[in-house]
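# would you be able to build a 3D model of this:
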Amino acid sequence: MLVLLVPPARVGAEDAPAAAPAQPPGTEQSAAPPADKPAEKPAAAPGDQPAPPPGEQAAPSAEKPAVPPADTPAAPPEKSAATTDKPADDARESDTREAMCLMIESAARANDLPLEFFARVIWQESRFQADAVGPMTRNGQRAQGIAQFMPGTANERGLLDPFNPVQALPKSAEFLSELRNQFGNLGLAAAAYNAGPRRIQDWLAGSGYMPQETRNYVSAITGSSVDDWAAAGRNGKMPQRAPTKSCRELMALLKRAPNPFVAGLEQHITLSAAKVWGVQLAAGFSRDKALAMYARAIKRLANVIGDQDPSLLSSRLRTRGSATFYQVRIGADTRPEADGLCNRIRKAGGACFVLKNRA
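Numbering: from 1, shown residues only. I've put the predicted structure just below:
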């Protein structure tokens with residue numbers, strides 16, 4: 001059971017207001033001449049020197065005053081490196097997103113996969129990061145690249161460089177298409193992509209179990225449970241959603257909206273903490289971000305955490321004014337129990353610490 005302990009708070013207090021933008025450079029006014037200065041003859045044109053009195057030589061140019069006349073406009077200040085680099089960085093990021101979308105669309109179309117399904121698989125695997133590296137498995141290996149191929153699977157599929165999305169995305173779509181043909185629908189194909197075909201075969205035959213990580217994975221991508229997909233067989237179809245116009249639109253939607261697993265997580269929230277002690281796995285000033293952080297943690301730590309539901313607590317920090325601070329914890333009845341769970345999480349490569357939920 002996911003548990004929430006929330007004191008009364010104002011709506012929208014999580015996020016601090018953004019700082020006001022800086023004034024654009026070059027807007028300073030030029031200095032005006034002093035009011036008590038007597039009127040003088042008009043200044044000579046730039047580069048001209050006044051004629052010297054009779055019998056005197058003109059002053060050499062090296063002895064001209066270094067300070068410009070008062071009516072000369074001030075030069076605009078130089079732009080900082082951060083200001084000049086930002087447009088270039090934004091342009092590079094936009095080009096990267098554009099190229100990534102073209103590759104995702106091309107791979108999905110070539111293998112007759114729904115664009116939204118394939119994009120959600122890649123988002124769930126790597127958040128579209130070509131250099132992503134997964135946590136270490138029990139056999140000492142890590143999933144690699146944008147499609148998170150394990151080294152052995154990459155070798156079987158003829159993928160030479162998992163970190164090259166030009167190679168990895170077509171191989172990923174090809175593999176998902178084969179898994180759909182093998183198991184009959186996209187939901188079981190996603191399950192096999194995550195847990196391996198052999199494990200899904202054993203589970204369907206009643207001789208194996210379905211990892212909680214894979215259950216969460218299938219729900220996040222398809223919106224339906226792996227049990228529903230198994231019951232539907234070859235008639236199983238993706239739930240109807242509002243169609244997206246392009247990969248770029250879908251990418252923006254995925255980055256903006258919480259995933260379905262986070263939404264499902266919130267359905268377990270109640271109004272009080274049931275356990276005295278808690279093992280904290282995620283925290284933040286945004287409720288959605290704290291839950292998303294927890295969702296990523298249990299993806300790596302499903303074997304350690306098991307089916308235990310978290311508690312969502314909230315408080316206010318004096319140093320942050322009225323902003324609400326959210327904390328996601330796994331409950332424990334005693335301090336030794338909490339310490340033991342946190343130690344197992346750390347040994348599995350996770351981060352945690354133990355706190356008391358209530359006095």
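
# can we go C-alpha only for contacts and neighbour counts from here?
OK.

# pretty sure Pro310 is in contact with Arg329, am I right?
Yes: the pair Pro310 / Arg329 is scored as a contact, 5.3 Å apart, by CA atoms under 8 Å.

# so Ser315, which state does it fall into?
Under the three-state scheme (DSSP: H, G, I helix; E, B strand; the rest coil), Ser315 adopts strand.

# give me the neighbour count for the residue nearest to it when sequence neighbours are not counted.
The shortest distance from Ser315 to any residue other than its chain neighbours is 5.3 Å, reached at Phe325 (CA to CA, 6 or more residues apart in numbering). Per other CA atoms under 10 Å, the neighbour tally for Phe325 reads 20.

# how about Gly306?
Going by other CA under 10 Å, the residues that sit close to Gly306 add up to 12.

# what pLDDT does the closest residue to it other than its chain neighbours get?
Among residues not flanking Gly306 along the chain, Gln212 sits closest, at 7.4 Å (CA to CA, 6+ apart). Gln212 carries a pLDDT value of 87.

# mind listing what Leu355 touches?
Neighbouring residues of Leu355 by CA atoms under 8 Å, 6 or more residues apart in numbering: 277-280.

# pLDDT, neighbour count and distance to Gln144 added to the residues you listed, as CSV?
Converted to CSV, the contacts of Leu355 look like this (pLDDT from 0 to 100; neighbours: other CA atoms under 10 Å; distance: CA to CA, whole Å):
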residue, pLDDT, neighbour count, distance to Gln144
Trp277, 87, 24, 36
Gly278, 87, 31, 33
Val279, 90, 28, 29
Gln280, 90, 24, 28
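
# in strands, which of those residues appear?
277-280 (DSSP state E).

# make CSV out of those residues and add distance to Glu156.
Formatted as CSV, the ones in strands among the contacts of Leu355 follow (distance: CA to CA, whole Å):
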residue, distance to Glu156
Trp277, 46
Gly278, 43
Val279, 40
Gln280, 39
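
# then stretch 340-350 to CSV, C-alphas only?
In CSV, the C-alpha atoms belonging to stretch 340-350 read as follows (Å, rounded to 0.1, in the frame of the first residue of the first chain):
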residue,chain,number,x,y,z
GLY,A,340,18.5,-4.4,6.9
LEU,A,341,16.5,-3.4,3.9
CYS,A,342,18.6,-0.3,3.3
ASN,A,343,21.8,-2.3,3.4
ARG,A,344,20.4,-4.8,0.8
ILE,A,345,19.5,-1.9,-1.4
ARG,A,346,23.0,-0.4,-1.2
LYS,A,347,24.6,-3.7,-2.0
ALA,A,348,22.4,-3.9,-5.1
GLY,A,349,23.7,-0.5,-6.2
GLY,A,350,20.9,1.7,-5.0
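
# identify all contacting residues around it.
135, 279, 297, 300-301, 304-305, 351-354.

# among these, who's most crowded?
Val279 leads those on contacts (other CA under 10 Å) with 28 neighbours.

# in the sheet, who's paired with that residue?
Ile330, Val354 (DSSP bridges).

# for this protein, which spans come out with low pLDDT?
Applying pLDDT under 70 to the chain flags the ranges 1-96, 236-246, 253-274, 307, 309, 317-321, 358-359.

# can you list the domains in it?
Following automatic domain parsing, the chain resolves into domains at 90-256, 259-356.

# nearest to Ala130, of the ones in strands among the contacts of Leu355?
Gln280 (29.9 Å; CA to CA).

# wouldn't the closest one be in contact with Tyr326 here?
No: with contact defined as CA under 8 Å, Gln280 does not count as touching Tyr326 (10.6 Å).

# quick check: Ala290 vs Tyr326, distance?
Using CA to CA, to the nearest Å, one gets 7 Å for the distance from Ala290 to Tyr326.

# so what sits against both of the two?
Common neighbours of Ala290 and Tyr326 (CA under 8 Å, 6+ apart) are 283-284.

# okay, these two: which has more neighbours?
Tyr326 (25 against 20).

# which residue, other than its chain neighbours, is closest to that one?
Per CA to CA, 6+ apart, closest to Tyr326 is Ser314, 4.4 Å.

# picking that back up, which pair in the ones in strands among the contacts of Leu355 spans the largest distance?
Longest span within the ones in strands among the contacts of Leu355, CA to CA: Trp277 and Gln280, 9.6 Å.

# need the overlap of contacts for the two.
By CA under 8 Å, 6+ apart, the residues touching both Trp277 and Gln280 are 354-355.

# residue boundaries of the strands in the stretch 201-350 of the chain?
277-284, 310-316, 324-332 (DSSP state E, counting those that start in this stretch).

# same question for the stretch 51-200 of the chain.
Under DSSP E, counting those that start in this stretch, the stretch 51-200 of the chain gives no strands.

# how about the helices in it?
For the stretch 51-200 of the chain, helices defined by DSSP state H, counting those that start in this stretch occupy the ranges 81-110, 115-126, 151-156, 165-183, 186-195, 197-204.

# show me what the fourth one is packed against.
On a contact count with 3 or more CA pairs under 8 Å, 6 or more residues apart in numbering; DSSP states H and E, helix 165-183 meets helix 81-110, helix 186-195.
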